[in-house]
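K.L.:
Starting from these lines, generate the structure:
(3 chains)
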Amino acid sequence: MAKHVLIIEDEPNIIEAISFILSRDGWQVDTHSNGHDAVAVVRARAPDLVILDVMLPGRSGYDILTDLRANPETQDLPILMLTARGQARDREMAEKAGASRFMTKPFSNADVIEALNALVAP
Amino acid sequence: MRERATPLFLERRSYRQRRLMDAARLLPLLGVLLWLIPLLWPQRDPAGEVAAVSTSSAILYIFGVWVLLALIALFVSLMLDSKAETADDGNV
Amino acid sequence: MATLNILIAVCLAYVALLFAVAFMAERAALKGRGNWLRSPWIYTLSLSIYCTAWTFYGAVGYAARSGLEFVTIYLGPTLVMVGWWWALRKMVRIGRTQRITSVADLISSRYGKSGLLAVCVTLLALVGITPYISLQLQSVTLSFSSFAVSDPVGASLIADQDTALWVAVGLALFTILFGTRNLDANERHHGVVMAIAVEAVVKLFALIAVGVFVVWGLAGGISPMLERIDASDIGQWQMDGGRWVGLTFLSAAAFLTLPRMFQVLVVENEDERHLRTAAWAFPTYLMLMSLFVVPIAVIGLELLPAGSNPDQFVLTVPLSQGQEGLAMLAFLGGFSSATSMVIVAAIALSTMVSNHIVMPIFLRLTQGGVNGPSDVRHVVILARRLSIGVVLALGYLYYKISGGGSALAAIGLVSFAGLAQLLPAMMGGIFWRGATRNGAFAGLVTGFAIWAWCLLLPGFGGGVLPASVMADGPWGIGWLRPHALFGIEGMDPLLHAGMWSLLLNAVVFVIVSLLSFPSPLERLQGAQFVNIFDHSDNPQSWSGGIAQSEDLMIMAQRILGPEMVQGFFQAEAARQGLAGYLPEPTPDFLARLERELSGAVGGATAHAMVAQIMGAATVSVEDLLAVADETAQMMEYSSQLEAKSNELTRTARQLRAANDKLTQLSVQKDAFLSQISHELRTPMTSIRAFSEILRDAEGLEPKDLTRYATIIHAEAIRLTRLLDDLLDLSVLENGQVNLNIRDGLLSDVISHAIAASGSDMHTMRVRRTGPAAEVMLTTDHDRLAQVFINLIANAQKYCDADRPELTIDVSRRGGRVIGTRRIALLPSKPRGIHPIPCGPTLMGLGCCEE
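P.N.:
Numbering: from 1, shown residues only, chains lettered A, B, ... in the order given. Predicted coordinates for the structure are as follows:
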């Protein structure tokens, strides 16, 4: 059964790129481009995995992540964080907030697929 | 000044006060003069030609002047108004 | 015979009585029951410390040797007393109004509170008075031994004992007990004064008793007495005119300048009116003291074997007649004379030593690190007690070293001549406003040096000055011979020294005073002293008179500074119910002003300044301004220090601000870099992702291929634009860009930006408010338009409202049009969107900050 991934990202071109490569890898891809209702969307759609951008309109990706980790339902949900800021501090903040994996933009497509597969592997 | 604005009686009184101050000023000069006089007396002469003034007369004179000065000082201090001291002693 | 034992017993009983009297007087004064202590009679009797043991015993010896010359010692003080209106009245008034504590204090205060002069006078007094104290110790010892002659058992007893030491210790004890009991501001000692008044009565009574016994008991009445006098060796008038005048003058001078006389005349004076009583009562006392001197001398010469010490006739005449009771009374009289002199002299000297030598040194050593006034009080009292001990120890040592005898007996007049050196500085100070500190100092040193060279050192006898110096002068310089200065030989040594020292002292004093220039403080003090009666009627209050508040204000400002004075005057005016800055010069106001001023310039000066302006002209306006300027300079100096510390504070504040700004800049830089990173990485992410898709994915449809290539292309263009902007920004930051500056309307710029951003009413509605049309800008319009384009584009991108709306509100703030922060906030204006998470975007913020 295809795994369900939710991409929360505001840049349309990036959404399109990720959607394309994941679809081809056999994922069921779902997208959302807004920060402030992202937590509700995650709970509603119950994906197997979330790709979360940090700089989102409406709400910071860190805040969303913290909320998700505070909720028992989404406590153990694998989450891959993407950020365009490559500083060490951002990585720390992501780990603190509870990211399962952290990747810096721009990324290699192969790396993303590999990371996602590793996250959902039993 | 205050004295000029006061009645005749006080005017005379303050005049009297100022003359008493004059007396107080002159008193030591009087003493000096009187006590200098013994220097004019004939002295004891070893040759014995001049009869010197006897010591008893000298004592009487010197102590007489002494008593006189004390009496005048007593008189002045009794007559001087106690307020006179605070007045300007440059007034005449 | 138990005479000596009885004598010692009586003596101790007498001392105990004196302690009791002093103690009771102190108690009475403490409880305020001491009105009788303040009688003019007590004052007059206290003056009798002038008659020391030297005069009590010595006058008779003097008369036995030189006839009536002894009387000059009393004539001088008599003339001074009956002439009280001249000098004493003034000294007492000055002493009371200026709170003078000693003769050194008087002279130093007069000459601008000069510490140097005070030390100088104190040393002179110490040198002059110490031998005199030894003389008193000697006289007590001698009188003991006079008794001992008739008591062989006692003689051996006395020989083993050091009478002088016991007397010195006892006197030190008494003086410390009653002389330093409290530290009264007025330096008055009721107990001591009462005790010496009792002693004055005892010594007068003793001398008169001996005299009466001699005249009526031995000579058989007045006439036989006078006959006997005329028949004696001193029966004919014989007088050296120089000595007659000179000694009278010296004693008069010493009466004014001796520290102990100053103590009882001025410092212990309770009421100026007492002087009037003393003016005739004290001459009478002196007259009675000398009345029986010649009879006792004559009878002594007749009755006692040749070679007897005439200085002891007062004792030995009654003793030779078996009148032991009378002799004992005479002994007590002499004892009283000695002790009262030593006590008061020790108090006066210790006051001077502690106030002018010990305390200044102490304060300098501790650098003002004194814990409050009580500390100082203790130190002062301790200094007094130690000084008393030291003074008496010095007296005793001098007695031991000099070995007593006739060398010491001559010291009385030597001491007088020494202290008389203070006369020019003192009298010049209270009668002549032109006298200056330099003059006083030069005169004092000159007089002191001549006195020491011509009188004090030769007086020590062989050893101190070699015979060759006495005969030929130092280094063979003949005109410096101690007894023949300037080659004038054959004069009586005392007269010679007294004349030269006082003459040159006065001449140097006057000449230096004329040539030197007094400090303003000296001038003010001089005016205070010389014109003491003009402004001491009622020392604490001013009568109204011609109001010159404005002048007062101008003067006060020079001293206290404008703000403080204006505030003070305004408050005073308000207190009187007046508007403005100028109150009526009521006594209250003047007293308060004086108090304010005295904090800066001292009480005496403040008073004189106010006096000057209130019309009681004692000093010239120039003097006052000079003082004011001097004070202002001091104030300026201290305010400069204050300014420096203010500057430091300001610098520190500036540094802190700079640091804050740097920190802020650093935060901004981080934010900026982070922002750039985001702005650049976002297009690069798309480009990389799609280029990898194009490379890796097979079997893409042509439609997708085109689409992905187009995306890559668009993102590459976006990236280029970002880099261009970034370059522009860095050029701007370096200030190397040529801005195309011209005038134009803000509304035009905004219109251009809306058009260029491709926004239309369908995607987002742009509302414009505020007076943009009226705002004329002088700037680079293209770059400003770019700012708006970026803002609008960001707004479009981040606004997810159903009906997006952007409001551009133009407002004026201050002189500048549209604060930069204001523009930066514009993107948050649109309704329906949340604040942009990371603040304004790169271009919006960066360009606007520029």
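K.L.:
Just give me the residue right at the centre of chain A.
P.N.:
A:Ile51 (1.4 Å; C-alpha atoms, centre = their mean).
K.L.:
so where does it fall, helix or strand?
P.N.:
strand A:49-53 (DSSP states H and E).
K.L.:
tell me the contacts of the residue nearest to the centre of chain A?
P.N.:
By C-beta atoms under 8 Å, 6 or more residues apart in numbering or on different chains, the residues touching A:Ile51 are A:Val5, A:Leu6, A:Ile7, A:Ile8, A:Glu9, A:Ile18, A:Ile79, A:Leu80, A:Leu82, A:Val112, A:Leu116. In this view, the C-beta of every residue, glycine as well, is placed from N, C-alpha and C.
K.L.:
How about C:Arg276, nearest residue that isn't a chain neighbour?
P.N.:
B:Ser77 (3.7 Å; C-beta to C-beta, 6 or more residues apart in numbering or on different chains).
K.L.:
Can you tell me what sits against the helix or strand hosting the one you found?
P.N.:
Here B:Ser77, judged by DSSP H and E, is contained in helix B:55-79. Defining contact as C-beta under 8 Å, 6+ apart, one finds that helix B:55-79 is touched by B:20, B:23-24, B:27, B:30-31, B:34-35, B:37-38, B:41, C:67-68, C:71, C:78, C:81-82, C:226-227, C:229-230, C:232, C:234-237, C:276-277, C:279-281, C:283-284, C:286-287, C:291, C:294.
K.L.:
Give me the PyMOL select line for those, limited to the buried ones.
P.N.:
Per 16 or more other C-beta atoms under 10 Å in any protein chain shown, the buried members of those correspond to this PyMOL selection:
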select buried, (chain B and resi 20+23+24+27+30+31+34+35+38) or (chain C and resi 67+68+71+78+81+82+226+227+229+230+232+234+235+236+237+276+277+279+280+281+283+284+286+287+291+294)
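K.L.:
how big is the angle separating the lowest-mean-pLDDT helix or strand in chain A from strand A:49-53?
P.N.:
Within chain A, no helix or strand scores below helix A:88-97, which has a mean of 80 by mean pLDDT, DSSP states H and E. In terms of direction (axes from the mean of the first three to the mean of the last three C-alpha atoms, to 10 degrees), helix A:88-97 departs from strand A:49-53 by 140 degrees.
K.L.:
Toward the C-terminus, what is the element adjacent to helix A:88-97?
P.N.:
With DSSP H and E, the next secondary element past helix A:88-97 is strand A:101-104.
K.L.:
what's the average pLDDT for stretch C:384-392?
P.N.:
In this model, stretch C:384-392 has a mean pLDDT of 88.
K.L.:
Then stretch A:56-72?
P.N.:
86.
K.L.:
What about the contacts of A:Ile51, which are in helices?
P.N.:
A:Ile18, A:Val112, A:Leu116 (DSSP state H).
K.L.:
Please list which of the residues you listed also come close to chain C.
P.N.:
The subset of the ones in helices among the contacts of A:Ile51 lying close to chain C, counting by C-beta under 8 Å from any C-beta of the partner chain, consists of A:Ile18.
K.L.:
Tell me where the chain has strands.
P.N.:
Because you didn't say which chain, this covers chain A. For chain A, strands defined by DSSP state E occupy the ranges A:4-8, A:28-32, A:49-53, A:79-83, A:101-104.
K.L.:
My question was about chain C, not that one.
P.N.:
Counting by DSSP E, the strands of chain C are C:741-745, C:765-769, C:776-780, C:805-809, C:812-813, C:816-817.
K.L.:
The residue of chain A found nearest chain B: neighbour count?
P.N.:
Taking C-beta to the nearest C-beta, chain B has its nearest neighbour within chain A at A:Arg89, 91.0 Å off. A:Arg89: 10 surrounding residues under other C-beta atoms under 10 Å in any protein chain shown.
K.L.:
hang on, the earlier thing: go through the strands of chain C and name the closest to C:Pro520.
P.N.:
Closest of the strands of chain C to C:Pro520 is strand C:816-817, at 56.6 Å (criterion: C-beta to C-beta).
K.L.:
still on that earlier bit, any chance of the strands of chain A in TSV, plus mean pLDDT?
P.N.:
Formatted as TSV, the strands of chain A follow (pLDDT from 0 to 100):
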stretch	mean pLDDT
strand A:4-8	91
strand A:28-32	90
strand A:49-53	91
strand A:79-83	88
strand A:101-104	86
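K.L.:
CSV for those strands, including distance to C:Arg437?
P.N.:
CSV is the format used below for those (distance: least, C-beta to C-beta, whole Å):
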stretch, distance to C:Arg437
strand A:4-8, 96
strand A:28-32, 99
strand A:49-53, 92
strand A:79-83, 87
strand A:101-104, 89
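K.L.:
Now do stretch C:301-316: everything it contacts.
P.N.:
C:56-58, C:60-61, C:64-65, C:142-143, C:146-147, C:207, C:210, C:218, C:228, C:232-233, C:296-297, C:299-300, C:317, C:320-321, C:327, C:330-331, C:333-334, C:409.
K.L.:
Could you tell me how far that stretch lies from the centre of the chain?
P.N.:
55 Å (C-alpha atoms, centre = their mean, to the nearest Å).
K.L.:
Okay, now the unreliable bits of the stretch 401-550 of chain C?
P.N.:
With pLDDT under 70 as the threshold, the stretch 401-550 of chain C has low-confidence stretches at C:403-409, C:459-479, C:483-484, C:487, C:489-490, C:534-548.
K.L.:
which residues of it fall in helices?
P.N.:
C:406-409, C:411-419, C:422-431, C:437-451, C:457-459, C:467-472, C:493-515, C:520-530, C:549-560 (DSSP state H, counting those that start in this stretch).
K.L.:
burial measure for C:Ala63, as a count.
P.N.:
26.
K.L.:
so it sits right up against C:Ala297, yeah?
P.N.:
Yes - with contact defined as C-beta atoms under 8 Å, C:Ala63 reaches C:Ala297; the gap is 4.0 Å.
K.L.:
So for these two, which residues contact both of them?
P.N.:
In contact with both C:Ala63 and C:Ala297: C:Ile234, using C-beta under 8 Å, 6+ apart.
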